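Q: sequence and predicted structure below; questions after.
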Amino acid sequence: MEEILVLARELIAPRLREWRESGGRVVGYSCVATPREIFDAGGILPYRIRALGKPERDHADAHLSRFNCGFCRACLQLALEGAYGFLDGLVETNGCDHLRGMFENWSGTATPRFFHYLKVPHVVSEESLEFFAEELELLREALSSHFQVDIGDAALAEAVRSTNLRREGMRRLFSLREMEHPALKGQEALAVLLLESSLPPGVFDGFLRELLEEVRGREITGYRARLLLAGSATDEPDLVREIEDLGGLVVTDAMCYGTRAFWKLPEVEGEPVHALAEAYLRHLLCPRMFDDYPSRLEFILQAAERARVDGAVLVYNKFCDLHGVENVRLRLDLEERGIPVLVLEKEYGSAADLGRIRTRVQAFLERIAGRRPSGKRSLSAGGV
Amino acid sequence: MPGKVRDTGDGLFHRVEELIEVAMLLPRNMSDQEVEGLLRFLPPDTSRSMRALLSPRFREVSLDFIGMVGGWIGEARRAREEGRKVVLVPFNFPPEVIYLFKNAVPLTSEVLTTLGVAVLEGQGERYWDYAMGLGIPDFLCSSSTIELGSVLTGRDFEPDIIVQSAPGACDANSKIHEFVSLHMGIPQVILEKPTETGPRGRELHRRYFLAFLRRLEEMIGEELDEGRMRRVLEEANRAAELYYELYDLRKFSPCPVPNIFSIFTYGTRFTRWGRPEGTEMMRRMVELSKRRLEAGEYPAPEEVARCMWLYIGYYFDFLGFFNWMEERGITYLNDILSLCQPRFVDTSSRESMLEGLAETCFEYPMTRQMGASSMSLAWIEDMCGFIRDLRADCAIYSGHHACKQTWSVINQVRREIMKRTGAPVLCLQGDSWIRRMTPTSVLQEEIQSFVDGVVRRRRARGGRGA
């Protein structure tokens, strides 16, 4: 686990570097609406763009503005600094207005060798599903043509099968957080997810097997409350660590750098591209989707129930319209069901913001502890 | 029994309606002294807006505008009393679509906000604050959140249906409308703008639009009637002809079209398009502008700057913005909203009308630019075209803080406009509907410095616009 925590803090892990040096191709993407199976089927590594809490964004601010989300600004900063020079290409999605701005500036300035725009509808309907399937076909064609690889249906079906196996493994691992005696911390889960979306599948599968073995029988102790973490793009290991250091163990989440990236995707059957379109669009548990709030609420409630949480922390990056508004409705709905909520607006990657966040989390934990019969959980022996 | 006859709450809708009802009683032949006397009776914020509107330069048209929006609001209230559906639409949705239905009327969130900011003492801040109190983030768009904040109080006029047409074009607008729908239990009907701008995107949008209309028919309980469609759209086409006449009048220098007519133009486009009241309003603006052209009237000794506003303007101080600029020879040529470039819809058949309306939605201001595959491309091309066509010698971006899309590409847009047209671009920053962020005095100072320090000097050197 220690190794994973260290590796997850690097944009490019040694095993990814090896893959790259041995001729493997890497294409960046950002949004969980991007079916990675299509890349896998062509032997291309889909790499999920991240900023890992990078606070600097001076270069990016010459293109974006301070009214844009810090996560997108930090990602663009990395691109402009050349940190993403190892990418062979980039796939844009219209995840949100900030992300669109980030990609538009990225593609216009850092000039990726391959650039493709995958347009994702905002509603689910017969028309939108048909369109999205066409979009996935266009993505398949673009990748095949640029990288001179064959992404046939058989390869795609195989990629779907192996990806689902990996997702099953991820579910097993993440479920270990939700147990009465959690075996995994939230910061560790985030680290695993960051590796899952940046390492060659075979390499990650090995890590995952070892991890599942390693954490079996482990028990996290010393926390004050079990928390659900939900909200906007949060790939900041330091933020989750801060919350956990204060005693709030993140036992489940509904983050896009979290369970939303893999939890709900069902087995796909039939013609693979159409099946992927259905699976990804129908289960895109993101507030960018309209007319689908009940599904998102239900997903969070199920997670809260499974993990028996004491409270929920709903985070959003400053200027994130989607999660900023969604969190208001979620707070009302969760509180109505007896789940205390802390809504935390944060400046992405800002160390200066941590003091304020710490105070608010501490106060929230005090509030939750006050509701519980014993402030601190009784700890079992053999804790970590 | 139809719904509530009239709420007694003090929501924005009712307060605006009551004040506008009073304003509609103003005689058309008031002398300047009488106007001055009247303004003394009004609370300061209301008085300042009325002073701008009742400027002798365009008083008659302002009174027409007040009458038009008063009629629009009153019609919504009466519709409720008569059991017809009141459909709340965002600004980026053509109201003529709702006028196709006999049993429905449109109310436009952003127009109500603007009216509230213009005529209410304290502007719309109390409703904004209410929304903030619920937890709505302060970076949301005041254009819709002020009016919707009023709906959220539960003490205002509630629509029967909410139309959402910003998914794909604006997250802030889409999310607040969705929130109000969920929070208040008001059904919503969604028209997405596909991010794909090419033929596939247009075809998808056409199918979305037809499905959207079917849903509206179900919710309103009425099937579209071809004859009524034709009448509404022929009326809209007449207004469009007048729109282009007004547009052409803006090409003259000094510009005979008063600055404030830009907001009157989209105030009309967003409320009464497809209705005779809208056409009449456009006609009145054209007539007055022509008279000014013939008489050579311009409020300043010379037109020192012809400004293209790349995005929107500021609406919390008409007097300190539109009138102030005009009196200093700074012409507000147009902005992205007044450049709505309405389409002429072919009314020969039901199908052609549906096609035309779908196209209108696809190309609606802001939807067309920010809802395109690239947020900057259409915006740059449109603005460069208008800058050349209207012979603008500078451009200004208002920098409304909530508009994350435009903020994320304004640097590209600014560079390209300067490169392609030679027009210098000033980037301001503020909230277009809330004075708390950047006060009028600061905006005026920045505009004046830009005009004096850049535009005038370029003219003197024989640069663009000289």
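A: Noted; the coordinates are in hand.
Q: give me every residue in the stretch 51-200 of chain A lying close to chain B.
A: Counting by CB under 8 Å from any CB of the partner chain, the residues of the stretch 51-200 of chain A close to chain B are A:62-65, A:67-69, A:72, A:94, A:96-98, A:100-102, A:104-105, A:108, A:117, A:119, A:121-123, A:125, A:127-128, A:131, A:134. The way it works is simple: take the backbone N, C-alpha and C, and place the C-beta from them, glycine included.
Q: identify the residue of chain A closest to chain B, quick one.
A: Closest residue of chain A to chain B, CB to the nearest CB: A:G101 (2.4 Å).
Q: returning to that earlier point: restricted to strands, list the residues of the stretch 51-200 of chain A next to chain B.
A: If you go by DSSP state E, these have A:Y117 in strands.
Q: who's in contact with the spatially most central residue of chain B?
A: For chain B, B:Y266 is the residue whose C-alpha lies nearest the centre (CA atoms, centre = their mean; 4.1 Å). Residues near B:Y266 by CB atoms under 8 Å, 6 or more residues apart in numbering or on different chains: B:91, B:337-338, B:340, B:365.
Q: let's see 6 Å
A: By CB atoms under 6 Å, 6 or more residues apart in numbering or on different chains, B:Y266 lies in contact with B:337-338.
Q: likewise B:G371?
A: B:168-169, B:193.
Q: same check on A:H146?
A: Taking CB under 6 Å, 6+ apart, we find A:H146 in contact with A:F114.
Q: which bits of the stretch 1-150 of chain B sit near chain A?
A: Residues of the stretch 1-150 of chain B found near chain A (CB under 6 Å from any CB of the partner chain) are B:135-137, B:139.
Q: ok, which stretches of the stretch 201-350 of chain A are strands?
A: For the stretch 201-350 of chain A, strands defined by DSSP state E, counting those that start in this stretch occupy the ranges A:225-231, A:248-255, A:311-317, A:341-346.
Q: quick one: the residue nearest to the centre of chain B from B:Q341, how far?
A: Going from B:Y266 to B:Q341 by CB to CB, to the nearest Å gives 12 Å.
Q: A:L99 too?
A: Applying CB to CB to A:L99 and B:Q341 gives a distance of 29 Å.
Q: the more surrounded of those two?
A: Neighbours were counted for A:L99 and for B:Q341 using other CB atoms under 10 Å in any protein chain shown; A:L99 has more, 24 against 15.
Q: still on that earlier bit, which of the contacts of B:G371 lies closest to B:Q405?
A: Nearest to B:Q405 among these is B:A169, at 8.0 Å by CB to CB.
Q: burial measure for that closest one, as a count.
A: Other residues lying near B:A169 total 25 when counted by other CB under 10 Å.
Q: okay, which residue is most central for chain A?
A: A:Y257 (1.3 Å).
Q: about what we covered before: ok, for the residue of chain A closest to chain B, nearest residue in space, not its chain neighbours?
A: In space, A:G101 comes closest to B:S408 once its chain neighbours are excluded; the distance is 2.4 Å by CB to CB, 6 or more residues apart in numbering or on different chains.
Q: so the one you found touches A:F67, yeah?
A: No. Between B:S408 and A:F67 there is no contact under CB atoms under 6 Å: 8.2 Å.
Q: related to what we said a few turns ago, excluding chain neighbours, give the residue nearest to the residue nearest to the centre of chain A in space.
A: The shortest distance from A:Y257 to any non-neighbouring residue, by CB to CB, 6+ apart, is to A:D235 (4.5 Å).
Q: nearest to chain A among the contacts of B:G371?
A: B:G168 (5.6 Å).
Q: which residues touch the closest one?
A: A:122, B:192-193, B:195, B:371 are the contacts of B:G168 under CB under 6 Å, 6+ apart.
Q: 7 Å instead, please
A: A:122, B:192-195, B:371 (CB atoms under 7 Å, 6 or more residues apart in numbering or on different chains).
Q: now the helices for the stretch 251-400 of chain B?
A: In the stretch 251-400 of chain B, the helices defined using DSSP state H, counting those that start in this stretch lie at B:261-269, B:276-295, B:318, B:324-327, B:350-362, B:367-370, B:377-389.
Q: host element of whatever residue of chain B ends up closest to chain A?
A: Residue of chain B nearest chain A, by CB to the nearest CB: B:S408 (2.4 Å). Following DSSP states H and E, one finds B:S408 within helix B:404-421.
Q: what's the neighbour count on A:R216?
A: By other CB under 10 Å, neighbour count at A:R216 equals 9.
Q: what about the closest residue to B:F13 other than its chain neighbours, which SS state?
A: Sequence neighbours aside, B:F157 is the residue nearest to B:F13 in space, at 4.0 Å (criterion: CB to CB, 6+ apart). Assigned state for B:F157: coil (three-state reduction, DSSP: H, G, I helix; E, B strand; the rest coil).
Q: please enumerate the helices of chain A.
A: Under the criterion DSSP state H, helices of chain A are mapped to A:2-7, A:14-21, A:36-41, A:70-81, A:97-109, A:126-147, A:153-178, A:186-196, A:201-215, A:237-245, A:272-282, A:293-307, A:321-336, A:351-371.
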